[in-house]
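>>> kindly generate the corresponding structure for this input.
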Amino acid sequence: MYVSFLDEDFFKNMKKIFLNLIQRIRNFISWLWNQEGSPSKRALGLGVGIFSGCFPFFGLQTLMGVFLAKILKGNSILAAVGTWISNPFTYVPLYYFNYKLGSLMLNKDKIIVDFSHITTNELWYQGWYLSSRLILGSICMGLLTGVVGGLGLYFLLKKLSKKI
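Residues are numbered from 1 along each chain as shown. Purely as a prediction, here's the structure:
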């Protein structure tokens, strides 16, 4: 028996799955939109989360974002969501750009690791060389994207609250 992917049931099922996905996304956005707090607290939470998401601390970004949101009295849930700026699809470009930005700021860019005459001391030096540039770039990029993301959400919330 010949099975075709172009049969009518296939398209009905795909349409049903697609509409279900769209509805879930709408529900999630509505849930996020209805988070408690003033527009400034919600924007602060998102901005702090985005800032935290720019760091290469895998597994600790969410904790860092929520911790900073608690200290600064921002929305913790939006802080956790903001850390999603770094994910498996954005890790490599984000951290590469952060490294390059840190190298540019320190005005030094040389070979990352030279394995020809590697010693223990040289290995520690190379690790510090990489880490310092990555962290400095992450701080700068996190501040920029966190401020832009937080202000963007703040003005959006303010604009939409006037319409209601």
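
>>> state which helix of this structure is the longest.
What stands out as the longest helix in the chain, according to DSSP state H, is helix 120-163.

>>> report all helices and strands that that one contacts.
Using 3 or more C-beta pairs under 8 Å, 6 or more residues apart in numbering; DSSP states H and E as the contact test, the elements touching helix 120-163 are helix 39-53, helix 76-82, helix 91-105. For glycine as for every other residue, the C-beta is placed from the backbone atoms N, C-alpha and C.

>>> in the chain, where is pLDDT below threshold?
Counting by pLDDT under 70, the chain has low-confidence residues at 1-6, 108-125, 163-164.

>>> 90 instead, please
Of all residues in the chain, those with pLDDT under 90 make up the ranges 1-15, 25-39, 57-59, 87-88, 91-92, 99, 103-133, 153, 156-164.

>>> ok, for the residue nearest the centre of it, nearest residue in space, not its chain neighbours?
The residue lying closest to the centre of the chain (C-alpha atoms, centre = their mean) is Ile85, at 1.5 Å. Across the structure, with C-beta to C-beta, 6 or more residues apart in numbering as the measure, the residue nearest Ile85 apart from its sequence neighbours is Gly53 (3.9 Å).

>>> touching, the one you found and Gly65? I think so.
Yes. Using C-beta atoms under 8 Å, Gly53 and Gly65 qualify as a contacting pair, with a distance of 6.9 Å.

>>> identify the contacts common to those two.
Jointly contacting Gly53 and Gly65 under the rule C-beta atoms under 8 Å, 6 or more residues apart in numbering are 82-83.
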